[in-house]
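Asks: let me see the structure of the following:
(chains A, B, C and D, ligands or ions: 2)
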Amino acid sequence: MNIAESTINGIKVLSLEGVLNAASSPKFKAYLETADHSGPMIINLEQVEFIDSSGLGLLVRLARQKKSANEALKLAKMNDRVKRVFEITQAHSLFDIYDDIQAAAGN
Amino acid sequence: MNIAESTINGIKVLSLEGVLNAASSPKFKAYLETADHSGPMIINLEQVEFIDSSGLGLLVRLARQKKSANEALKLAKMNDRVKRVFEITQAHSLFDIYDDIQAAAGN
Amino acid sequence: MTQILSATLKAELRNSRIAANIARSTAEVFAEERNFSGNVQEFGHTFELAVSEAFTNSVNYRDPSIKDITVTIGFEEESNALTASVTDRNAPFNIHPPEPEITEYPEGGFGLFIIWKLMDEVSCSREGQRNVLSMKKFISRP
Amino acid sequence: MTQILSATLKAELRNSRIAANIARSTAEVFAEERNFSGNVQEFGHTFELAVSEAFTNSVNYRDPSIKDITVTIGFEEESNALTASVTDRNAPFNIHPPEPEITEYPEGGFGLFIIWKLMDEVSCSREGQRNVLSMKKFISRP
Ligand SMILES: Nc1ncnc2c1ncn2[C@@H]1O[C@H](COP(=O)(O)OP(=O)(O)O)[C@@H](O)[C@H]1O
Ligand SMILES: Nc1ncnc2c1ncn2[C@@H]1O[C@H](COP(=O)(O)OP(=O)(O)O)[C@@H](O)[C@H]1O
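Replies: Residues are numbered from 1 along each chain as shown, chains lettered A, B, ... in the order given. Ligands and ions are numbered 1, 2, ... in the order given. So this is what the prediction gives:
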């Protein structure tokens, strides 16, 4: 998986790409632990083709951190297969989920 | 695989979809043998995700029939993986190959 | 039940993707051949995800004292159902762990929960020193 | 050479798609892990196509007198190369058939030709009653 950072309306956007599973999520975890990720954040999942519980667990953990810091965390552009994992586990109730980045950024 | 027929500028267009391999090509072969396929023809390969030598062999056979009937056979919209099979085998030299249907239809 | 395929993979996390792809491909070929009236891609994803979870568990909870460990995945078909199995040499485990309490933001414990949600039948049998986790999904009711 | 996986499939044409998908997925995971500098998708397609050809041949030329036949596909890695093998119980065959003469519009005879074009090394060994067709592709020169 690859991670790209950008900014929209002053909000950090993490664009993830590829597969978010047990093999790749350590890379995402390390990235979240090293850089400073305070402030509101949008995760762009458009290029994520597959996610399993390992990737989901990391996003849930980030949601908890953001919640206790009282900062927004928004997910955008998940495909149907990714959305299904959030729905099956009810994890979609922990996130603000948007169809596009502009809407997630409040435009 | 699926086969759909349409017409553009009076030319028959066969749009193939899916995988053209040894498991699926008998369906395409049967289709070519039953219906009347005289006249110029365009094969739209846009939705063909994979082809191997079984699919290639059928198209070569059709090319031979069209050549001896002195009728045009044009291939359009192959993806890179499909194109690679035609190039490796030199079979691309037996066909008129187009990037889009309009050009194949002479527009 | 007729076996479609059995694959033995090295128990490494990177191979969970291969296992999951095998599962998706097998399920899609099976569903297409049966002229499945539902969504073939979703049926493929069901097996892709379930096998990804099961394979990952087999790797994560493997017995570190056993060297050169492998995990075997198998697929068996019936007229109206496909069953995937994942076989490892781990300690026996409970396939009914407590459900994750989503309001508590759990980071783990989703694996078997997801498998149960996706599949129509889940069972685990102990064969010798092995766990065989079987996951069955119907394409139509008998 | 370390084995990544070995899969045994029923010798049926519909399973050639599963075999080809296993090959693509394995090759892509291998290439990504090695930080392959070339095109990962093309490397995946190389194995997908070669295994599709080889598996199809194993089914098409199987010995009709043997019931319940299976074909085994295997993948072995080295630091700079991936090798796929396809093992069947067919009669021995020549891996150097005449090349198809394209100007004569041949309908067949492309399978091994394509395999040779795609791969860096091709060999076939006879092990007992089995043919083991091995197909190797380097990701970098040693
Ligand atoms: N293949 C396995 N081998 C051994 N133990 C397993 C296996 N699969 C699951 N388990 C046990 O069941 C528990 C629950 O698994 P799971 O629902 O996937 O969540 P998680 O892996 O996040 O704990 C694991 O913590 C582990 O103790
Ligand atoms: N796995 C196999 N088992 C037995 N014979 C084979 C096998 N693969 C190839 N052959 C033989 O080699 C010949 C050439 O194969 P190939 O190049 O794939 O073209 P084609 O299958 O179209 O004839 C086949 O016709 C067959 O006689």
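
Asks: and the strands in chain C, which stretches?
Replies: C:2-10, C:70-78, C:81-88, C:121-127, C:130-138 (DSSP state E).

Asks: strand partners of the last one, parallel vs antiparallel please.
Replies: Okay, so that is strand C:130-138. Paired with strand C:130-138 in the same sheet, following DSSP bridges, are strand C:81-88 (antiparallel), strand C:121-127 (antiparallel).

Asks: relative to ligand 2, which of those strands is closest?
Replies: strand C:81-88 (27.8 Å; CB to the nearest ligand atom). Any C-beta I mention is one placed from the backbone N, CA and C, and that applies to glycine too.

Asks: please enumerate the helices of chain A.
Replies: A:25-34, A:53-68, A:80-88, A:101-104 (DSSP state H).

Asks: what helices or strands is the last one leaning on?
Replies: Using 3 or more CB pairs under 8 Å, 6 or more residues apart in numbering or on different chains; DSSP states H and E as the contact criterion, the secondary-structure elements in contact with helix A:101-104 are strand A:41-51, strand A:73-76.

Asks: now render the ones you listed as TSV, adding mean pLDDT.
Replies: Formatted as TSV, those follow (pLDDT from 0 to 100):
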stretch	mean pLDDT
strand A:41-51	98
strand A:73-76	97
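
Asks: any chance of JSON lines for those, columns distance to B:Ile88?
Replies: Shown next, in JSON lines, are the helices and strands packed on helix A:101-104 (distance: least, CB to CB, whole Å):
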{"stretch": "strand A:41-51", "distance to B:Ile88": "28"}
{"stretch": "strand A:73-76", "distance to B:Ile88": "41"}
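
Asks: want to throw those strands into TSV with mean neighbour count and distance to chain C?
Replies: Listed next are the helices and strands packed on helix A:101-104 as TSV, based on neighbours: other CB atoms under 10 Å in any protein chain shown; distance: least, CB to the nearest CB, whole Å:
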stretch	mean neighbour count	distance to chain C
strand A:41-51	21	7
strand A:73-76	21	11
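
Asks: ok, which of those strands comes nearest C:Ala84?
Replies: strand A:41-51 (16.5 Å; CB to CB).

Asks: residue 3 pairs with what?
Replies: In the absence of a named chain, this looks at chain A. Going by DSSP bridges, A:Ile3 forms beta bridges with A:Leu16.

Asks: you answered for a different chain; I wanted chain C.
Replies: With DSSP bridges as the rule, C:Gln3 is bridged to C:Glu76.

Asks: list the contacts for it?
Replies: By CB atoms under 8 Å, 6 or more residues apart in numbering or on different chains, C:Gln3 lies in contact with C:74-76, D:10.

Asks: which one of these has the most neighbours?
Replies: With neighbours taken as other CB atoms under 10 Å in any protein chain shown, the top of the contacts of C:Gln3 is C:Phe75, carrying 26 neighbours.

Asks: please look at that one and C:Ser25 and confirm they touch.
Replies: No - if you go by CB atoms under 8 Å, C:Phe75 and C:Ser25 don't touch, sitting 9.9 Å apart.

Asks: for the helix of greatest length in chain C, packing partners?
Replies: Determined from DSSP H, the single longest helix within chain C is helix C:40-60. When contacts are defined as 3+ CB pairs under 8 Å, 6+ apart, helix C:40-60 packs onto strand A:41-51, helix A:53-68, helix A:80-88, helix C:15-33, strand C:70-78, strand C:81-88, helix C:111-118, strand C:130-138.

Asks: try 7 Å
Replies: Helices and strands touching helix C:40-60, by 3 or more CB pairs under 7 Å, 6 or more residues apart in numbering or on different chains; DSSP states H and E, are helix A:80-88, helix C:15-33, strand C:70-78, strand C:81-88, helix C:111-118, strand C:130-138.
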